[in-house]
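my questions concern the predicted model and sequence given below.
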Amino acid sequence: MMSAMSKYDVLVVGAGVLGLSTAYHIKRENPERSILVLDKLGGPGQGNSAKSVGAFRNVFSSRTNFLLADSTIDFFTHVQEDLGHDLGLVFHGYLWLLSGRQYRRQEENFKEMSRRGVELRTWEREDLRRMIPDLVTEFEEGDEEAEVMGLEPVERGLQGVKCGSIDADRLVRFYEEEFKRLGGEVRYNVEVKRLILKPERELGLPGEPFVWQDASVKGVETVRGEEIYADRVVVAVGAWANTLLNPIGLDAFMRPKKRQVFVFKDERLERLFHSEGFNKEGVVPLLILPKAGILIKPEVSEGALWIECADNLGRPFKLEDDPQPELTYYTGNLYHVVVKYLPCFRDVQPVNMWAGQYALNSIDKTPYVFEEAGMIYVGAGSGSGLMKCDALGRIAAALYAGEKEATLYGGRAFRVSDLSVKERRVERETFVL
């Protein structure tokens with residue numbers, strides 16, 4: 001049993017995929033350091049990591065996002081194929097269904113991605129009709145519903161090849177197990193109430209720190225009153241970051257937004273699920289419909305299709321400890337778009353559903369890793385934190401070590417300050433689901 005006051009070299013708040021990746025890489029580089037991970041929930045990745053659809057891609061307009069994701073995907077492959085840890089990794093691909101207007105608008109992006117090394121395949125309308133017989137690529141003349149909803153015909157498909165799915169639970173457990181194997185410590189069911197801000201030179205006066213004192217984050221206080229101190233505190237709590245940073249006047253550069261997932265498994269969807277010719281698994285790629293930011297992901301492990309939507313406009317920024325899915329959001333909203341492009345979904349009801357939260361950076365859609373007041377912040381993943389987690393953990397570990405460059409998996413160098421606030425050097429992501 002621990003005392004009411006403990007001291008560590010490093011304290012990581014958050015046992016989601018970013019917190020555990022960061023803890024693992026710091027411990028891997030500094031095996032002699034004492035590192036503690038805290039989480040308010042009962043196990044690894046039980047917050048929004050568990051509610052992720054587990055999809056990954058390296059198809060980004062931003063060179064920064066490409067590097068973060070591409071190297072992380074390579075690490076996933078290494079863990080599963082070389083180290084023998086089954087992460088449920090499946091390269092089923094992503095397939096953007098695009099109107100002619102959409103394709104032309106993004107054509108320069110696609111060319112630049114290809115030059116960068118992103119493997120893309122382009123499918124013409126005739127290919128899509130043959131390979132996905134259930135897909136409606138053109139609407140009948142006089143289709144008032146399609147016209148009212150502003151739906152455009154599908155002219156082309158753009159497939160990202162190095163894209164697919166991973167089991168988020170297996171991934172966070174891999175990081176947790178490796179971290180603990182190196183001697184790291186994890187404590188669950190411990191909720192952090194606040195970050196402890198103290199002056200560098202304490203005078204023992206009430207009201208410290210004063211404005212003229214240099215102050216830094218020295219630890220945390222839990223809701224049970226326990227104080228845990230560390231030479232360095234890492235905050236990686238995703239959508240909950242503002243609850244810890246706002247009270248001490250720091251900015252997390254993100255706001256929480258609910259996302260919902262609806263699961264479908266029905267014999268009427270079998271032909272769609274088993275679409276041939278796109279990948280070696282013989283399943284339909286993750287589909288992105290031309291309208292409304294709706295994606296449909298094949299869950300190979302259970303033979304199901306998952307539907308999610310990036311509904312930004314109209315969806316409030318709001319932090320919820322236990323966000324709940326809204327069935328009417330699918331039946332009265334998404335459904336009408338889905339069945340126009342894929343009539344096989346008509347009258348099919350979801351068999352399961354859940355909701356989670358994105359830590360959304362709406363400015364450049366790129367994560368932040370920086371140090372301020374003795375605290376390292378890793379966050380603002382904007383829904384793609386899982387697919388960039390290994391790179392972000394390595395960058396945070398390099399920041400902890402005071403290094404200017406991090407070495408991503410595979411040997412690529414990354415300037416640590418690029419994801420900071422003061423020296424930020426990233427490209428605004430323009431290819432958004």
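Nice, thanks for sending it over. Numbering: from 1, shown residues only.

list the contacts for the residue nearest to E299 when sequence neighbours are not counted?
Nearest residue to E299 in three dimensions, chain neighbours excluded: W306, at 5.5 Å (C-beta to C-beta, 6 or more residues apart in numbering). (Glycine included, C-beta is placed from N, CA and C.) By C-beta atoms under 8 Å, 6 or more residues apart in numbering, W306 lies in contact with 53, 261-264, 296-297, 299.

can you list the strands that the helix or strand harbouring W306 pairs with?
In this assignment (DSSP states H and E), W306 forms part of strand 304-309. Looking at strand 304-309 with DSSP bridges, its partner strands are strand 255-264 (antiparallel), strand 294-299 (antiparallel).

could I get the average pLDDT for it?
Per-region confidence: strand 304-309 scores 97 on mean pLDDT.

chain center to it: distance?
Mean-position distance between strand 304-309 and its chain equals 16 Å (C-alpha atoms, centre = their mean, to the nearest Å).

any buried residues in the helix or strand following it, and which?
Counting by DSSP H and E, the element after strand 304-309 in chain order, helix or strand, is helix 327-329. If you call a residue buried by 16 or more other C-beta atoms under 10 Å, then helix 327-329 has these buried ones: Y329.

so which residues make contact with helix 327-329?
260, 350, 353.

and for the first one, the neighbour number?
This means Q260. Counted with other C-beta atoms under 10 Å, the neighbours of Q260 add up to 22.

as CSV, the contacts of W306 with distance to D82 would be great.
Listed next are these as CSV, based on distance: C-beta to C-beta, whole Å:
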residue, distance to D82
V53, 26
V261, 31
F262, 35
V263, 32
F264, 35
I296, 32
K297, 26
E299, 25
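
just the closest of the residues you listed to K180, please.
The shortest approach to K180 among these belongs to V53, at 27.1 Å (C-beta to C-beta).

helix, strand or coil for that closest one?
Using DSSP: H, G, I helix; E, B strand; the rest coil, the structure places V53 in coil.

please name the residues that touch it.
Shown in contact with V53 (C-beta under 8 Å, 6+ apart): 165, 261, 295, 297, 306, 308.

now do 10 Å
Residues in contact with V53 (C-beta atoms under 10 Å, 6 or more residues apart in numbering) are 165, 168, 259, 261, 286, 295, 297, 299, 306-308, 356, 383, 386.

return the member of those residues nearest to D127.
Proximity of the contacts of V53 to D127 (C-beta to C-beta) peaks at L286, which lies at 17.4 Å.

for the closest one, grab phi and psi.
Dihedral pair for L286: phi -60, psi 120, per degrees, to the nearest 10.
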